[in-house]
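Student: Mind looking at a prediction? Sequence and model below.
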Amino acid sequence: MIKTITLLFALTSITVTTTIGQANEEIVPKIITKNGRHTLLVDGQPFLVLGGQAHNSSAWPGMMPQLWSSVKTMHANTLEVPIYWEQIEPQPGKFDFSLIDTLLVQARQHDVRLVLLWFATWKNGSNHYMPEWMKHEADKYPNITGKNGKPVDSPSPHIKPMMEADRKAFASVMKYLKNVDTHHTVIMVQVENEPGAWGSVRDYSSVAQKLFDGPVPKELMNPEILKALNTPIVSEGNWQKVFGSNADEYFHAWSVASYIGQVAAAGKAEYPLPLYVNAALRDPLSNPPASSYESGGPTDNVILIWKVAAPAIDFVAPDIYLSGSERIMKVLELYDRNDNTLFVPEADFHLEKAKYLYEVIARGGIGFSPFGIDDNGDGATEMEMHERLSPFAMEYTMANTMMRDLAKWSFEGKIKAAIEREDHAEQKIDLGAWQAVVSFGTGSRDVSSKPNAQFTGKAMIVKVDENKFIAIGTNCRITFQPLAKNAGKAWQYLKAEEGHYENGMFKPLRVLNGDETDWGGPRFGPTPTVVNISLVVR
Ligand code: DGJ
C-alpha cells in the first residue's frame with residue numbers, strides 16, 4: 001500500500017511517499033544477548049551501525065543538505081545526530097519537536113536510520129544545552145563546586161528539580177518518537193553526551209558533602225560488587241571509608257549515573273528503544289588519577305558503578321580519540337563485556353581509525369561511527385571532504401551490501417580479525433582445522449617487503465564451514481596452514497573467488513589463481529576486498 005503524507009514545517013513543506021507495507025510497527029529496535037554476545041535487532045534482524053556523527057551544531061534544517069551529502073559519500077546506513085534540550089523545550093513544559101520531524105522525514109527520504117543524541121543536562125561535562133529559562137536560574141539549577149570552593153562549569157547531579165526537568169523533557173521526546181516514528185527510523189538514543197566533570201573529581205558543595213559523608217547506597221555494598229571494584233569488603237561505611245582513594249570519583253560516578261539512570265528510565269517507560277551513554281575515555285593502560293580526565297562519566301574503571309546505578313541504560317560506549325593500537329584494542333576489550341554491548345559512537349578521522357571497525361565486528365559489537373562527518377564551515381573543499389571520509393567510505397561500501405550477514409555472523413561469533421600494529425608484525429588466526437596467517441604491507445608479492453607507514457592493514461575472516469572462509473581485508477596478504485587434524489598435510493586452494501555480497505548473495509567478480517594466489521595467498525590492496533575461499537587437504 002502506498003500512502004502520501006504531507007508534513008508542514010515552519011520553513012518548508014515536504015511531501016513524503018512511504019510504503020506503509022514496509023513499516024514494521026510491532027518490532028521496536030532492541031538489544032539481545034546470547035552466550036555473552038550482543039546484537040542490535042532492527043526490524044527483527046541483527047543490524048550493524050555503519051555510522052557517521054554530525055558536528056554538534058548541524059541538526060538544523062539549513063545544515064542538513066551537507067549532512068546527507070556526507071552520509072551518501074560514506075555509504076553510511078545510520079546518522080548520529082544531536083537533538084537539543086534548549087531548542088526542544090524553549091519554555092517550561094512547552095515542547096517543539098519540529099527538528100525531530102525534519103530529521104525523521106529526511107532520514108526516510110535518504111533511507112538512513114538515526115541515532116538521536118540527547119544533548120541535555122550534560123554535554124561534554126557542561127550544562128550548555130540547558131534551556132535559557134534554566135540558565136537564568138543558576139541558584140535553582142546549580143553547577144558543582146570544586147575542592148577550592150570555586151564554581152566548576154559542570155552541572156550538579158544532586159539537584160532534584162534539574163533531574164526532574166530533564167526527566168520530563170526526555171520522557172516527552174520518547175513519547176513523541178513512539179507516536180511519530182512507527183517506521184523505527186530512530187534505532188537508538190544516546191542519553192546526554194560525555195557526562196561527568198572536567199576540572200573537579202566531584203562536587204564539593206555542602207549538599208554533595210553531606211551525601212559523601214553519609215552511607216554508601218546498599219546497592220553498591222553487595223560483596224560481589226565491592227570485590228569486582230577491588231574494594232575491601234565491609235558491611236557499611238561512608239564513601240571515604242569504603243572506597244578510600246577512589247571515593248571521590250566513585251561518588252561522582254554514582255551520582256551522575258543515578259541521575260541519568262532516572263532520566264533514561266522515564267524515557268524508556270514511554271518508548272523502550274535501546275539507550276546508551278558515551279564516555280570521554282581515560283588512558284586504559286596507566287590507571288591515571290581522576291583529576292586528569294572527565295570524572296564521573298562511564299570510564300572503564302567505573303562501568304560497574306554505572307551498571308548498578310543506571311539499569312535503564314542498555315550500555316555505555318567509548319568515544320575513541322586516543323591513539324595507538326595497544327591502547328585502542330584495550331578500550332575495545334574493556335567495553336566488550338557480558339553485561340555491556342560494544343559500540344563506538346565517536347572516533348576521530350585519523351587514517352588508521354577505520355581498521356578498528358573490523359575488531360568491533362569480530363567482538364560482536366554493534367557498530368562504529370566517526371565524529372564530524374559534515375563540513376562544519378571550516379572551508380574544506382569537496383576534494384578534502386572526500387579524502388577525509390574515504391577510509392570509512394571504502395569500508396562502508398564493502399560492508400553496506402552485506403550488513404545483515406556481517407551482523408548475523410558477528411552475533412554468532414563466526415568472525416575473527418587481525419588489526420595491523422605499529423610493528424607491522426604478522427598475525428595468526430586459529431580457525432579450527434586451519435590457521436590463517438596475515439602479513440601486512442603494500443608490497444606486491446611479499447606484501448611485508450613494503451611496510452605501510454600508516455599501518456592501516458586489517459583482515460576479517462568469517463568461518464562459514466570447516467574448510468570455507470570469507471576473507472575481507474586491506475593492505476595485507478592471507479595464507480593458510482593446516483592445523484589440528486590437518487596438521488602436516490599438503491593442501492591447496494579449492495577455489496578463491498573475489499566478489500561482493502548483495503542481500504545475502506555472493507556476486508563473483510573473478511576467480512583468483514596463478515599469481516593472485518601462488519605468492520602467499522590472496523593479496524588485499526588499499527580497497528577493502530572480499531574473497532570467498534575454500535581449502536582442501538591432499
Ligand atoms: C566529543 C564529544 O562527544 C562531541 O560532541 C564533540 O564535542 C567532540 N568531542 C569534539 O571533538
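Tutor: That came in fine, so what should we check first?

Student: and the gap between S295 and G521?
Tutor: From S295 across to G521, the span is 48 Å (CB to CB, to the nearest Å). Using the backbone N, CA and C atoms, a C-beta is placed for each residue, glycine as well.

Student: Looking at those two, which has the bigger crowd around it?
Tutor: The neighbour comparison of S295 against G521 (other CB atoms under 10 Å) goes to S295, with 28 against 24.

Student: hang on, isn't that one packed against W254?
Tutor: No. Applying CB atoms under 8 Å as the test, S295 and W254 come out as separate, 11.8 Å apart.

Student: What is the burial count for the closest residue to G267 other than its chain neighbours?
Tutor: Counting by CB to CB, 6 or more residues apart in numbering, the nearest residue to G267 once its immediate chain neighbours are dropped is M174, at 3.9 Å. Burial of M174 is recorded as 24 neighbouring residues (other CB under 10 Å).

Student: D518 now?
Tutor: 11.

Student: how about it, what does it touch?
Tutor: D518 makes no contacts at all, as judged by CB atoms under 8 Å, 6 or more residues apart in numbering.

Student: about what we covered before: quick one: the residue nearest to G267 and A265 touch, right?
Tutor: No. Under the criterion of CB under 8 Å, M174 is not in contact with A265, lying 10.7 Å apart.

Student: From T397, how far off is Y141?
Tutor: For Y141 relative to T397 (CB to CB), the value is 46 Å.

Student: tell me the phi and psi of I320?
Tutor: phi -100, psi 100 (degrees, to the nearest 10).

Student: Just give the closest residue to it, not the sequence neighbours.
Tutor: Per CB to CB, 6+ apart, closest to I320 is A347, 4.2 Å.

Student: so what's the residue of the stretch 51-200 of the chain found nearest the ligand up against?
Tutor: Distance from the ligand to each residue of the stretch 51-200 of the chain (CB to the nearest ligand atom) is smallest for E194, at 4.4 Å. Going by CB under 8 Å, 6+ apart, E194 touches 122-125, 278-280, 294, 297, 319.

Student: ok, of the residues you listed, which one's closest to I419?
Tutor: Of all these, I419 sits closest to D319, with 18.9 Å by CB to CB.

Student: Just give the nearest non-adjacent residue to the closest one, would you?
Tutor: E346 (3.9 Å).

Student: Can you get me a residue count around the one you found?
Tutor: Neighbour number of E346 under other CB under 10 Å is 24.

Student: Who does whatever residue of the stretch 351-500 of the chain ends up closest to the ligand form a beta bridge with?
Tutor: Closest contact between the stretch 351-500 of the chain and the ligand, by CB to the nearest ligand atom, is at F371 (5.5 Å). According to DSSP bridges, the partner residues bridging F371 are Q53.

Student: I'd say it and A347 touch.
Tutor: Yes. Using CB under 8 Å, F371 is in contact with A347, at 6.6 Å.

Student: More neighbours: those two, which one.
Tutor: Higher neighbour count among F371 and A347: A347, with 22 against 19, using other CB under 10 Å.

Student: For the more buried one, list the residues it contacts.
Tutor: Residues near A347 by CB under 8 Å, 6+ apart: 319-321, 353, 356, 368-371.

Student: Please pick the buried ones from the residues you listed.
Tutor: Buried members of the contacts of A347, scored by 16 or more other CB atoms under 10 Å, are 319-320, 353, 356, 368-371.

Student: before we move on, which element is P232 in?
Tutor: According to DSSP states H and E, P232 maps onto no helix or strand at all.

Student: What are the contacting residues of stretch 159-171?
Tutor: With contact meaning CB under 8 Å, 6+ apart, stretch 159-171 is reached by 85, 88-89, 92-93, 95, 118, 120-121, 134, 140-142, 155-157, 191, 207, 259, 262-264, 266-267, 269-270.

Student: Buried subset of those residues, written for PyMOL?
Tutor: This is the PyMOL syntax for the buried subset of these, where burial follows 16+ other CB under 10 Å:
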select buried, resi 85+88+89+95+118+120+121+134+141+142+155+156+157+191+259+262+263+264+266+267+270
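
Student: Could you pull up the residues touching the residue nearest to D153 when sequence neighbours are not counted?
Tutor: Take D153 and drop its neighbours on the chain: the residue closest to it by CB to CB, 6+ apart is S126, 5.1 Å away. If you count contacts by CB under 8 Å, 6+ apart, S126 has them with 153-155.

Student: try 10 Å this time
Tutor: 143, 152-155, 193-195, 197-199 (CB atoms under 10 Å, 6 or more residues apart in numbering).

Student: Any chance of JSON lines for those, columns secondary structure, pLDDT and distance to I470?
Tutor: Converted to JSON lines, the contacts of S126 look like this (DSSP: H, G, I helix; E, B strand; the rest coil; pLDDT from 0 to 100; distance: CB to CB, whole Å):
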{"residue": "N143", "secondary structure": "strand", "pLDDT": "98", "distance to I470": "52"}
{"residue": "V152", "secondary structure": "strand", "pLDDT": "98", "distance to I470": "51"}
{"residue": "D153", "secondary structure": "strand", "pLDDT": "98", "distance to I470": "50"}
{"residue": "S154", "secondary structure": "strand", "pLDDT": "98", "distance to I470": "47"}
{"residue": "P155", "secondary structure": "strand", "pLDDT": "98", "distance to I470": "48"}
{"residue": "N193", "secondary structure": "strand", "pLDDT": "98", "distance to I470": "37"}
{"residue": "E194", "secondary structure": "coil", "pLDDT": "98", "distance to I470": "36"}
{"residue": "P195", "secondary structure": "coil", "pLDDT": "99", "distance to I470": "40"}
{"residue": "A197", "secondary structure": "strand", "pLDDT": "98", "distance to I470": "46"}
{"residue": "W198", "secondary structure": "coil", "pLDDT": "98", "distance to I470": "44"}
{"residue": "G199", "secondary structure": "coil", "pLDDT": "96", "distance to I470": "49"}
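
Student: measure stretch 92-105 end to end?
Tutor: End-to-end distance for stretch 92-105: 27 Å, by CA to CA, to the nearest Å.

Student: Repeat that for stretch 196-214.
Tutor: For stretch 196-214, the end-to-end distance is 21 Å (CA to CA).

Student: gap between the residue nearest to I320 and P370?
Tutor: Taking CB to CB as the measure, A347 and P370 are separated by 5 Å.

Student: Now do the shared contacts for these two.
Tutor: Residues touching both A347 and P370 (CB under 10 Å, 6+ apart) are 53, 320, 353-354, 357, 392.

Student: Redo those as a markdown table? Include distance to T517 and pLDDT.
Tutor: As requested, these are exported to a markdown table (distance: CB to CB, whole Å; pLDDT from 0 to 100):
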| residue | distance to T517 | pLDDT |
| --- | --- | --- |
| Q53 | 40 | 98 |
| I320 | 35 | 98 |
| K353 | 31 | 96 |
| A354 | 26 | 97 |
| L357 | 26 | 98 |
| F392 | 29 | 98 |
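
Student: now the spatially most central residue of the chain: how far from the ligand?
Tutor: Centroid-nearest residue in the chain: V344, 2.5 Å away (criterion: CA atoms, centre = their mean). The gap separating V344 from the ligand is 12 Å, by CB to the nearest ligand atom, to the nearest Å.

Student: Could you do M329 as well?
Tutor: 21 Å.

Student: Helix or strand for that residue, just tell me which one.
Tutor: Assigned by DSSP H and E, M329 falls within helix 325-335.

Student: Would you mind listing the buried residues in that helix?
Tutor: Judged by neighbour count (16+ other CB under 10 Å), helix 325-335 contains these buried residues: 325, 328, 330-332, 334-335.
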